[in-house]
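starting from these lines, generate the structure:
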Amino acid sequence: MRIYQCLVSLVVASFATVTFAAENWPAWRGKASSGSTELGSYPAKWSDTENLIWKAPLPGKGCSTPVVWEKKIYLTSPASGEDSVLCFDWEGDKLWQTSLGKERKGKHRNGSGSNPSVVTDGKSVFALFKSGNFAGLSLKGKVLWKENLSGYGKDTLYWDFGTSPILTSKHIVVALMRQNNSWLIAFEKATGKVAWKVERNYETPREGDHSYATPILINHKGEEAILVWGAERLSAHSAKDGSILWISSGFNPKKKNNWVVVGSHVVAGDVAIVPFGRGSHIAGVKMGGTGDITKPNRLWTRNDSGCFVPTPAVLGKKVFILRDRGEVHCIDSDTGKSHWEDAFPRASSSYYGSPTIAGGKLYAPREDGVILVADVSNGFRFLGENDMGERVIASPVPVSNRLLVRGEKHLFCLGE
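Numbers count the residues shown, from 1 in each chain. Predicted coordinates for the structure are as follows:
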């Protein structure tokens with residue numbers, strides 16, 4: 001009997017190992033757009049001689065986050081003046097590199113022409129660039145189709161386009177949010193043909209209609225919907241045809257100029273968390289309803305917290321806010337009240353990358369290439385900092401006990 005129990009335990013353990021190893025990170029903020037995972041164990045400290053599994057050179061400066069599907073790593077990068085998609089295996093060897101057209105370089109010191117992250121459904125990889133180059137590729141790097149989105153109007157963004165495409169069950173969806181030519185467009189995955197498109201133009205104070213946020217796929221009355229944040233409005237659109245299901249506004253009551261959207265919104269349960277006001281405000285909106293839900297669905301608003309560039313991370317009903325100067329707030333999604341507030345050690349550099357929660361730790365990439373780590377499983381406990389030796393803007397990606405960090409020059413793989 002004891003032998004039988006041992007055999008059963010071994011089978012269960014083996015199944016758990018296989019299941020764990022198959023974990024994927026298919027989009028910029030992971031499968032649920034949360035920037036977090038409860039699976040795995042990840043290092044707090046590393047160096048050239050400790051917890052560095054491998055590092056691979058990159059052909060150019062890009063700020064997109066790598067994505068992972070079945071231990072294959074995909075990311076965008078410029079290469080010899082061309083927009084390119086790269087694929088690495090789990091050991092850090094480059095499997096393929098596919099060029100998609102002329103690069104349009106970044107303007108900001110922390111930007112690039114390869115800001116958007118790729119997204120995959122496990123069958124194809126979809127990539128978008130500042131140049132407007134947009135393509136679907138096979139998992140082996142073959143171009144299935146290619147379009148250029150510059151025909152939808154001039155890119156009037158002050159800085160570098162950074163909105164990543166997202167997937168619905170049927171389409172690949174892109175949000176273009178800029179002055180007087182904003183669009184939400186769905187493309188057929190197999191062909192790249194336009195399935196539907198809707199304009200999303202609103203009058204706002206200067207730069208208020210510019211948005212670098214990435215949409216989120218949500219559920220609305222049992223159907224897929226697309227949650228979009230930009231132009232001082234949070235709107236839910238039907239994934240079938242792009243029509244507006246509900247909209248929440250009132251995010252700039254004093255009509256201030258330059259309240260541009262950089263950090264994206266996040267979702268915790270049935271609450272959307274919306275950072276606004278250049279890092280000075282954050283609000284909770286209960287999702288659902290019909291039409292204008294501004295007044296009945298605004299649950300809370302804070303003017304003493306928020307984030308401008310980094311997007312929050314979500315774990316359950318806890319929302320982790322990394323502010324631009326290193327303050328960290330953990331707030332309750334339903335009430336907006338803080339569970340705790342703390343901060344990383346002060347430095348002259350700011351935080352541009354979005355935080356990642358993995359194995360109870362918060363990883364915060366600072367623009368100077370230092371990644372700071374804190375245990376946030378029960379409050380905030382600073383664990384240390386790690387200098388990557390090059391600038392880091394992309395969010396760390398945790399998969400199967402490995403932490404992937406994309407720097408300006410290298411892709412790093414870390415593990416205990």
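
for the rest of this, base every contact and every neighbour count on C-alpha atoms.
Fine.

and stretch 218-229, how far out from the chain's middle?
18 Å (C-alpha atoms, centre = their mean, to the nearest Å).

pull out the buried positions in it.
For stretch 218-229, a neighbour-count test (16 or more other C-alpha atoms under 10 Å) marks 218, 219, 220, 224, 225, 226, 227, 228, 229 as buried.

want to try JSON lines for the residues you listed, with pLDDT as columns?
Below are the buried residues of stretch 218-229 laid out as JSON lines (pLDDT from 0 to 100):
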{"residue": "218", "pLDDT": "98"}
{"residue": "219", "pLDDT": "96"}
{"residue": "220", "pLDDT": "96"}
{"residue": "224", "pLDDT": "98"}
{"residue": "225", "pLDDT": "98"}
{"residue": "226", "pLDDT": "98"}
{"residue": "227", "pLDDT": "98"}
{"residue": "228", "pLDDT": "98"}
{"residue": "229", "pLDDT": "98"}
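
nearest to residue 368, of these?
residue 229 (28.5 Å; C-alpha to C-alpha).

any idea what the closest one is bridged to?
residue 234 (DSSP bridges).

so which of the buried residues of stretch 218-229 are in strands?
218, 219, 220, 224, 225, 226, 227, 228, 229 (DSSP state E).

now do the contacts for the nearest residue to the first one once chain neighbours are set aside.
Taking C-alpha to C-alpha, 6 or more residues apart in numbering, and ignoring the residues beside it in sequence, residue 218 has residue 225 as its nearest neighbour in space, at 5.2 Å. Applying C-alpha atoms under 8 Å, 6 or more residues apart in numbering, we find residue 225 in contact with 217, 218, 219, 236, 237, 238, 239.

as TSV, the buried residues of stretch 218-229 with distance to residue 295 would be great.
Output for the buried residues of stretch 218-229, formatted as TSV (distance: C-alpha to C-alpha, whole Å):
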residue	distance to residue 295
218	21
219	21
220	19
224	24
225	21
226	21
227	18
228	18
229	17
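
okay if I get the contacts of residue 225 as TSV plus distance to residue 146?
As requested, the contacts of residue 225 are exported to TSV (distance: C-alpha to C-alpha, whole Å):
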residue	distance to residue 146
217	24
218	27
219	30
236	28
237	25
238	25
239	22
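
out of those residues, which comes closest to residue 408?
residue 217 (29.6 Å).

correct me if wrong: that closest one contacts residue 226.
Yes: under the criterion of C-alpha atoms under 8 Å, residue 217 makes contact with residue 226 at 4.8 Å.

okay then, goodbye and thanks.
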